[in-house]
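> Provided below are the primary sequence and the corresponding predicted coordinates.
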Amino acid sequence: MTLLLNNDEAERLLKMPEVIDELALAYSDLARDQAINRNRSDTAIPRPKLGASYVFKSMEGGYPRRGVYALRISSDIIQWPNRADGQHRKEKLPALPGNRWLGLVLLFSIDNCELLAVLPDGIIQRFRVGATNGLGIKMMARQNARRIGLIGAGYQAGTQALAACAVRTIEEIRVYSPTAAKRQAFADEWSDKLGIPVIPVAHAKEAVANADIVLCATNSMQPVIQADWLEPGMHLSSLKRFELPAECYRRADRVAVHTRLWEPDMLMMGEENIPDDELWAKRKAGDGIDWLNQPEIGQLTSGQISGRDNDQQITCFMNNVGLGLQFAAAGALLFEKARQTGAGRELPLEWFTQSVVS
């Protein structure tokens, strides 16, 4: 039987410390050639009437430790609006009936080819991103880190804070978002969830000042902090390269990346680039930094490289692109917990198999 789960079940079953631990094993396995990952692929078709593009995204990876292979797919309408302040943002439109999105994780057995589960990718997506940056904090931030400056109050920001609190004894978070109501709502919600003060501030610089850990969790395609705000001993964490200016990476004593599979494999119909020629050129530029020579997170979790040598170093983890292996590891953990608790619905395996060889 094939298990079908929904996001409510995934949110109830997944616990951030467990996801962090599972991903640490998966990354270490990958660093030792005991797991496998294929680079993310994005295919885009312009939809001029919508002022957007249709984007089909896929990524996949195998995790022999759990006996699984995962394929994550998403079918999206994406815009890159330019805000009044000149900031480009990436926005996925809820284009499906009921203002919904479509993203799935298919989990397969590598022992008998069985489709084990069909999982929604939404909650897994938030947890795998948060847990990955949480591992960056665990491996690279000072042991006595207590204060967080958080830039962003949206979809990913909450699980970033949750992961940080899972690996360090955090006492205070200061959060900045350009919208006052949004940062206040975030502060109210996550003060209650985390049991610590989450304080909204009116400028990004206020969030960064005196922070031990700076978390950037935005959908911006341009820098959201400045290099001259950095202080000795800080750990910087970003969800994408452009959240931090190049000078931040240059000033860091140690930089680690999620993966040296540096960019998704992108195929765009026609001449149009995403989101435009200038930004795409910047995305491909190296900023004078040898990105492909920076250590990957798996080298840190496996003990091959240390995250920091002393408390005065500035360290930085950049979560540059997602891996299908993350969905294999988190999906296997979710599948196991669902089986243990009886969650989900079972579908006949015969619906997905055939008597004709493919």
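It's in.
> how about the helices in the stretch 1-150 of the chain?
7-13, 16-31, 122-140 (DSSP state H, counting those that start in this stretch).
> residue 183: which of these is closest?
Closest to residue 183 of the helices of the stretch 1-150 of the chain is helix 122-140 (Cβ to Cβ; 18.6 Å). For glycine as for every other residue, the C-beta is placed from the backbone atoms N, C-alpha and C.
> got the angle between the closest one and helix 16-31?
Using axes from the mean of the first three to the mean of the last three Cα atoms, to 10 degrees, one finds that helix 122-140 and helix 16-31 are set 70 degrees apart in direction.
> ok now stretch 96-110, how far from the chain's centre?
Centroid displacement of stretch 96-110 relative to its chain, using Cα atoms, centre = their mean, to the nearest Å, is 17 Å.
> nope, stretch 64-82 is what I meant
That offset, for stretch 64-82, works out to 11 Å (Cα atoms, centre = their mean).
> and stretch 259-268, by the same measure?
On Cα atoms, centre = their mean, the centre of stretch 259-268 falls 15 Å from that of its chain.
> what is the mean pLDDT for it?
Summarised as a single mean, pLDDT over stretch 259-268 is 85.
> pull the residues that contact it.
37, 39-44, 53, 57, 274, 283-284, 291-292, 294, 296-297, 320-321, 323 (Cβ atoms under 8 Å, 6 or more residues apart in numbering).
> again, only this time at 7 Å
For stretch 259-268, contacts defined as Cβ atoms under 7 Å, 6 or more residues apart in numbering pick out 39-44, 274, 291-292, 296, 320-321, 323.
> for stretch 90-101, what does the pLDDT average out to?
Rounded mean pLDDT across stretch 90-101 is 92.
> end to end, how far does it reach?
Using Cα to Cα, to the nearest Å, one end of stretch 90-101 lies 15 Å from the other.
> and that stretch, what's buried?
92, 95, 101 (16 or more other Cβ atoms under 10 Å).
> now that stretch, how far from the chain's geometric center?
With Cα atoms, centre = their mean, you get 19 Å for stretch 90-101.
> and stretch 263-273, by the same measure?
The chain centroid and the centroid of stretch 263-273 are separated by 21 Å under Cα atoms, centre = their mean.
> please apply the same query to stretch 26-39.
17 Å.
> can you check stretch 214-231 too?
With Cα atoms, centre = their mean, you get 16 Å for stretch 214-231.
> residue ranges in the stretch 101-250 of the chain under the pLDDT threshold?
Within the stretch 101-250 of the chain, no range satisfies pLDDT under 70.
> show me where it has strands.
For the stretch 101-250 of the chain, applying DSSP state E, counting those that start in this stretch gives strands covering 102-109, 115-120, 147-151, 172-176, 198-200, 213-216, 235-238.
> Throw those strands into TSV and include distance to residue 265, thanks.
Converted to TSV, the strands of the stretch 101-250 of the chain look like this (distance: least, Cβ to Cβ, whole Å):
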stretch	distance to residue 265
strand 102-109	18
strand 115-120	24
strand 147-151	29
strand 172-176	34
strand 198-200	38
strand 213-216	25
strand 235-238	22
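> let me know which of those strands is the nearest to residue 227.
Ranking these by proximity to residue 227 (Cβ to Cβ) places strand 235-238 first, at 10.1 Å.
> which other helices and strands does the closest one contact?
helix 122-140, strand 213-216, strand 315-318 (3 or more Cβ pairs under 7 Å, 6 or more residues apart in numbering; DSSP states H and E).
> what lines up beside the second one in the sheet?
Spelled out, that is strand 213-216. strand 147-151 (parallel), strand 235-238 (parallel) (DSSP bridges).
> any idea how far the nearest residue to residue 243 once chain neighbours are set aside is from residue 17?
Leaving aside its chain neighbours, residue 243 sits nearest to residue 216 (4.0 Å; criterion: Cβ to Cβ, 6 or more residues apart in numbering). Going from residue 216 to residue 17 by Cβ to Cβ, to the nearest Å gives 23 Å.
> looking at the two, which is more packed in?
residue 216 (29 against 14; other Cβ atoms under 10 Å).
> what is the end-to-end distance of stretch 221-228?
20 Å.
> so which bits of that stretch are buried?
So stretch 221-228, judged by 16+ other Cβ under 10 Å, has buried residues 221-225.
> which residue is nearest the middle of this structure?
Nearest residue to the geometric centre of the chain (Cα atoms, centre = their mean): residue 129, 2.6 Å.
> isn't it up against residue 156?
Yes: taking contacts as Cβ atoms under 7 Å, residue 129 lies within contact range of residue 156: 5.8 Å.
> joint contacts of these two?
Residues touching both residue 129 and residue 156 (Cβ under 7 Å, 6+ apart) are residue 239.
> just the closest of the buried residues of stretch 90-101 to residue 21, please.
Using Cβ to Cβ, residue 101 comes nearest to residue 21 of the buried residues of stretch 90-101, at 28.4 Å.
> spatially nearest residue to that closest one (excluding sequence neighbours)?
Closest residue to residue 101 apart from its sequence neighbours, by Cβ to Cβ, 6+ apart: residue 94 at 5.8 Å.
> go on, residue 89?
Nearest residue to residue 89, sequence neighbours excluded (Cβ to Cβ, 6+ apart): residue 219, at 5.1 Å.
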